[in-house]
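Engineer: The following comprises the amino acid sequence and a computationally predicted model.
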Amino acid sequence: MQVLFVCSGNKSNNKPGVVVQNQANSLIHKGIDIDFYIINNKGFFGYLKAIKPLIKKINRQSYTVIHAHYSLSGYVAGVAKIFARKKPKLITSLMGSDTQGSKGKMILIQLFNRCFWNETIIKSSSMSKNFTKSSYKIIPNGVDMESINKKLKKEQRENYILFPADPNRVSKNYDLAQQAINHLGAGYEMKTVYNRPHTEIIEHLKKCACVLLTSKWEGSPNVIKEALACNTPIVSTKVGDIEKLIKGLDGCFLSEMNVESISESIKKAIDFSIKKGDTNGRQRLFELNLTAERVANQIIQLYEQQED
């Protein structure tokens, strides 16, 4: 089976983002032939220019499925498929940010979902409010446990709180995180790490006392699952599927969207980190079938259904 991944990428190296690449790797490991169409140009006209070359690529090959990642890539693939001579089935994976925004944005997603996408994947049930029950599949991104396991070392955690997101993104609610740290007073350090090599982020996840996420919304955040894979204590607001991921797990704490609740949870997480160090997060991922291998099996099953 040959599958074409359509996604945005890094113009400097013509490669997809880490999440998409990891999913591709897990499918390749299962014997799926993955090809890429990378959209490097940004903005409306950048995506518009990507349509014609994609039509040619579709016509040259014999893809069973086109798998687009994020809504903008799904639009490009949907329009290209209309004009292409060959008509492979089109699956679009939406992330948490895709289902947030203006009413017009949601109308466009619903239009493509009904008319142009054969299947739509969302990452958690919290993203489903804009879809009818039969029009989507919930398949979260999995975690490459083997690669993280290779990077894990028995080392004492350092006494800092990791905020693993861009503070300039409104959805990440950085101001609330900073207010919670200030509320705690002296002795609490927060490091903000983003747009760094994935290996560097994993190193921080291994070493920090706890991971802090104060987002206003999420789908199924990969950094929380990677923190679980590193057995790292977690403090997070109740967004996306995070409650399902960490509820009842010692060393992981769900917080309300306010300074007092978050600061109190940070205290508990730091105390856990000092006394016990590691959570049983890795085991939780296996229990929830959120390893990259098990998620790949679900995606392959969806691909095979397109052949019927």
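Structural biologist: Ah, there it is.

Engineer: Unless I misread the structure, residue 120 falls within a strand.
Structural biologist: Yes. With DSSP: H, G, I helix; E, B strand; the rest coil as the criterion, residue 120 is part of a strand.

Engineer: ok, how many other residues are close to it?
Structural biologist: Counted with other C-beta atoms under 10 Å, residues neighbouring residue 120 total 24. Placement of C-beta: from N, CA and C, glycine included.

Engineer: could you pull out the strands for this protein?
Structural biologist: Here the chain has its strands, by DSSP state E, at 2-10, 15-16, 33-39, 65-69, 89-93, 119-122, 137-138, 161-163, 190-192, 210-213, 234-237, 252-255.

Engineer: Show me the one of these that comes nearest residue 291.
Structural biologist: Comparing the strands of the chain by their distance to residue 291 (C-beta to C-beta), the top pick is strand 137-138, with 16.5 Å.

Engineer: Quick one: distance of the closest one to the chain centre.
Structural biologist: Centroid separation between strand 137-138 and its chain, computed with C-alpha atoms, centre = their mean, to the nearest Å, is 14 Å.

Engineer: Mind putting the strands of the chain into a markdown table with mean pLDDT and distance to residue 113?
Structural biologist: Listed next are these as a markdown table, based on pLDDT from 0 to 100; distance: least, C-beta to C-beta, whole Å:
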| stretch | mean pLDDT | distance to residue 113 |
| --- | --- | --- |
| strand 2-10 | 93 | 16 |
| strand 15-16 | 88 | 22 |
| strand 33-39 | 97 | 20 |
| strand 65-69 | 98 | 12 |
| strand 89-93 | 97 | 8 |
| strand 119-122 | 94 | 5 |
| strand 137-138 | 93 | 12 |
| strand 161-163 | 98 | 33 |
| strand 190-192 | 96 | 35 |
| strand 210-213 | 98 | 28 |
| strand 234-237 | 98 | 28 |
| strand 252-255 | 98 | 31 |
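
Engineer: Now render those strands as TSV, adding distance to residue 267.
Structural biologist: As requested, the strands of the chain are arranged in TSV below (distance: least, C-beta to C-beta, whole Å):
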stretch	distance to residue 267
strand 2-10	39
strand 15-16	39
strand 33-39	44
strand 65-69	38
strand 89-93	37
strand 119-122	34
strand 137-138	34
strand 161-163	11
strand 190-192	14
strand 210-213	10
strand 234-237	10
strand 252-255	9
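
Engineer: and of those strands, who's closest to residue 78?
Structural biologist: Of all the strands of the chain, strand 89-93 comes closest under C-beta to C-beta, at 6.4 Å.

Engineer: Please write out the alpha-carbon positions of the top helix by length along the chain in CSV.
Structural biologist: Scanning the chain for the longest helix, with DSSP state H as the assignment, gives helix 259-275. What follows is helix 259-275, C-alpha atoms only, in CSV (Å, rounded to 0.1, in the frame of the first residue of the first chain):
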residue,chain,number,x,y,z
VAL,A,259,-3.5,30.8,39.8
GLU,A,260,-4.3,29.2,43.2
SER,A,261,-5.2,25.8,41.8
ILE,A,262,-2.1,25.7,39.5
SER,A,263,0.3,26.9,42.2
GLU,A,264,-1.0,24.3,44.7
SER,A,265,-0.6,21.5,42.1
ILE,A,266,2.9,22.6,41.3
LYS,A,267,3.8,22.3,45.0
LYS,A,268,2.4,18.8,45.1
ALA,A,269,4.2,17.8,41.9
ILE,A,270,7.6,19.2,43.2
ASP,A,271,7.1,17.4,46.5
PHE,A,272,6.4,14.1,44.6
SER,A,273,9.5,14.7,42.4
ILE,A,274,11.7,15.2,45.4
LYS,A,275,10.3,12.2,47.3
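
Engineer: so what secondary structure elements neighbour the worst-scoring helix or strand of the chain on mean pLDDT?
Structural biologist: Ranking every helix and strand in the chain by mean pLDDT, DSSP states H and E puts helix 145-151 at the bottom, with a mean of 81. Packing partners of helix 145-151 (3 or more C-beta pairs under 8 Å, 6 or more residues apart in numbering; DSSP states H and E): helix 198-207, helix 222-229, helix 281-287.

Engineer: Cool, thanks, talk later.
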